[in-house]
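S.K.: Would you be able to build a 3D model of this:
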Amino acid sequence: MVEEREKAYLHWLYQAAGPGSRGFLRLLAPFGTAQEIYGQLGSGKLKERIAPRYAQKVAQMTAFSNGYDVEEAYAKMRERGICLVTEKETQFPERLKKIPDKPFALYYAGQLPQEDKKAVALIGARDCSEYGRYMAGEFGAAFAKAGIQVISGMARGIDGIGQTAALKEGGYSLGVLGCGVDICYPRENQALYEALLAGGGVCSEYPPGIEPRAILFPPRNRIISGFCDALLVVEAREKSGTLITVDMALEQGREVYALPGRVTDPLSGGCNRLIRQGAGLVSTPAELLEELFGKPGGAFLEKSGGREKGQQGRLVFLEGMQGELFEILDTNPLPAEELQRRYEEKYGKRTELPILFQELLELCAGGYAGQIGGSYFMRILKI
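M.R.: Residues are numbered from 1 along each chain as shown. Okay, the predicted model is just below:
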């Protein structure tokens, strides 16, 4: 058990060393506790003991420590509801203890995942399609209903959509950040960040106050995959940062699944390649639930009320031409001329483009459809 006083000095050490200093911190480990290292730094002994090539790092730590009140800084952090748990404590997540290059400690706000519950990392493209938005919401909501914890990076796109859907269904979700837990990044996910603090949690290996930087995000991905039993990729390009997390998950022995997409859609290129390379193919939440629990996944959704039934209930309110148009819309944007062709082919009746545009605009105003340029798509789920 690490005493609170030692934690205060560990908090100092992680700040003084700076983010991305795991190798340097390992080098310092034989020199004693964080409190002892602090004393050696103040007396100048650390400079004598450390290799000359680290002289600049020691100078950086010394400069940071001038005027720094160790216990006051730690107390202020705790007053803000931020906790620090180290790898030597029983509260440190068991899943993370077993991964290569495990973090020395985690800062967190809210709650960390429960050890006795399944966890799935739900990840994907930031600039996702409407199809990706819809499927991320479906899987996030279904996981929540089945009692599965959703782990992700709180990023724009698939990550945030899946986490938001899980929280809306009363489930648990953890956001693993590439910055301090006191910083919401990206800013557009402020509502999600607050919802995670209230009904889930956020965590980071970086101390509070550390701003997001591109170099900090790849290392945090090993924590996302480390927390999960399985990882699901909803959408990803052939060359995508998402695939870094996949590689880490495979290294950690986690099961990887991917959602297939159209071969002509660049956003599905990464998923389709993963499936070719052996990732599990899942097309519905029930399929993945069956993989995780070893029994039909549909039972979990029926028990808590199927999301699909709720969505079908919305269609009752779409009457006349709007209801007909909604049935031919796709989650991928289609030009108005193509919708006109499909409409006349399906229903066997002519319609003029001005009338079609008017009905499509009504669907957009009602939140049932979206528009990109001169193309329109089905908007089933609003997150």
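S.K.: Distance of the residue nearest in space to the middle of the chain relative to Asp127?
M.R.: Residue closest to the average C-alpha location in the chain (C-alpha atoms, centre = their mean): Ser152, at 1.9 Å. To Asp127, Ser152 is 16 Å away according to C-beta to C-beta, to the nearest Å. For glycine as for every other residue, the C-beta is placed from the backbone atoms N, C-alpha and C.
S.K.: Report the contact partners of the residue lying closest to Cys228 once chain neighbours are set aside.
M.R.: Nearest non-adjacent residue to Cys228, counting by C-beta to C-beta, 6 or more residues apart in numbering: Ala121, 3.9 Å away. Ala121 sits next to 151-152, 224-225, 227-228, 230-232, 245, 249, 254 when contact means C-beta atoms under 8 Å, 6 or more residues apart in numbering.
S.K.: can you rerun that using 6 Å?
M.R.: For Ala121, the contact set (C-beta atoms under 6 Å, 6 or more residues apart in numbering) comprises 151, 224-225, 228, 231.
S.K.: Among those, pick out the one closest to Pro19, please.
M.R.: For the contacts of Ala121, the minimum distance to Pro19 (C-beta to C-beta) is 16.9 Å, reached by Ile224.
S.K.: For Arg273, see how far away that closest one is.
M.R.: Counting by C-beta to C-beta, the gap from Ile224 to Arg273 is 20 Å.
S.K.: neighbours of Arg78, just the number please.
M.R.: 14 (other C-beta atoms under 10 Å).
S.K.: count of residues packed around the closest residue to Gln35 other than its chain neighbours?
M.R.: Once flanking residues are discounted, Gln35 sits nearest to Tyr9: 4.3 Å by C-beta to C-beta, 6+ apart. Tyr9 is flanked by 20 other residues according to other C-beta under 10 Å.
S.K.: State the distance from Tyr9 to Ala16.
M.R.: Using C-beta to C-beta, one obtains 10 Å as the distance from Tyr9 to Ala16.
S.K.: CA atoms only for the helix or strand harbouring the residue nearest to Gln35 - export them in PDB, please.
M.R.: Per DSSP states H and E: Tyr9 is located in helix 4-17. C-alpha atoms of helix 4-17 as PDB (Å, rounded to 0.1, in the frame of the first residue of the first chain):
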ATOM      1  CA  GLU A   4      -0.700   9.400   0.700                       C
ATOM      2  CA  ARG A   5       2.500  11.200   1.500                       C
ATOM      3  CA  GLU A   6       4.400   9.100  -0.900                       C
ATOM      4  CA  LYS A   7       1.700   9.700  -3.500                       C
ATOM      5  CA  ALA A   8       2.200  13.400  -3.100                       C
ATOM      6  CA  TYR A   9       5.900  13.000  -4.000                       C
ATOM      7  CA  LEU A  10       5.000  10.600  -6.900                       C
ATOM      8  CA  HIS A  11       2.700  13.400  -8.200                       C
ATOM      9  CA  TRP A  12       5.700  15.800  -8.000                       C
ATOM     10  CA  LEU A  13       8.000  13.200  -9.700                       C
ATOM     11  CA  TYR A  14       5.600  12.600 -12.700                       C
ATOM     12  CA  GLN A  15       5.200  16.400 -13.200                       C
ATOM     13  CA  ALA A  16       8.900  17.200 -12.800                       C
ATOM     14  CA  ALA A  17      10.000  14.400 -15.200                       C
END
